[in-house]
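*Asks:* only geometry, no sequence info:
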């Protein structure tokens, strides 16, 4: 991937958070900033065609109950917290 240099202005508090995250994760501050730019660019991307048409459905294997949803959300949150603390998921 070819990188291009650009300048941005950021709040001191945001830069402190970036510095902290970079140290915790063992990454450069630039890598944290690049990841943030990439994520926000993807979040605002407009697709030419819908991902799923109105006629398409997904088989999730039957009804999904509240307990299954709660467990999946809890497990996902715990895995993210472990990654954020620098531990393997």
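*Replies:* Good, I have the coordinates. On a predicted model such as this, the values are computed, not experimentally measured, just so you know.

*Asks:* Looking at the record's assignment, how would you partition the chain?
*Replies:* What the record gives for the chain is the domain set 8-47, 59-89, from automatic domain parsing.

*Asks:* a markdown table for those domains, including mean neighbour count, distance to residue 2 and mean pLDDT?
*Replies:* C-beta here means a position set from N, CA and C on the backbone, and glycine is covered the same way. Formatted as a markdown table, the entries for the domains of the chain read as follows, by neighbours: other Cβ atoms under 10 Å; distance: least, Cβ to Cβ, whole Å; pLDDT from 0 to 100:
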| stretch | mean neighbour count | distance to residue 2 | mean pLDDT |
| --- | --- | --- | --- |
| domain 8-47 | 11 | 12 | 95 |
| domain 59-89 | 10 | 28 | 83 |
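
*Asks:* got JSON lines for those, with distance to residue 53 too?
*Replies:* What follows is the domains of the chain, written out as JSON lines (distance: least, Cβ to Cβ, whole Å):
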{"stretch": "domain 8-47", "distance to residue 53": "12"}
{"stretch": "domain 59-89", "distance to residue 53": "16"}
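
*Asks:* Please tell me I have it right and residue 32 contacts residue 21.
*Replies:* Yes - when contacts are counted by Cβ atoms under 8 Å, residue 32 is listed as touching residue 21 (5.4 Å).

*Asks:* what packs against the biggest helix by length in the chain?
*Replies:* For the chain, the helix with the greatest residue count under DSSP state H is helix 66-84. Helices and strands touching helix 66-84, as assessed by 3 or more Cβ pairs under 8 Å, 6 or more residues apart in numbering; DSSP states H and E, are absent.

*Asks:* how much space between residue 69 and residue 36?
*Replies:* Separation of residue 69 from residue 36 (Cβ to Cβ, to the nearest Å): 29 Å.

*Asks:* Oh, that last question was meant for residue 79, not what I typed.
*Replies:* Here residue 79 is placed at a distance of 20 Å from residue 36 (Cβ to Cβ).
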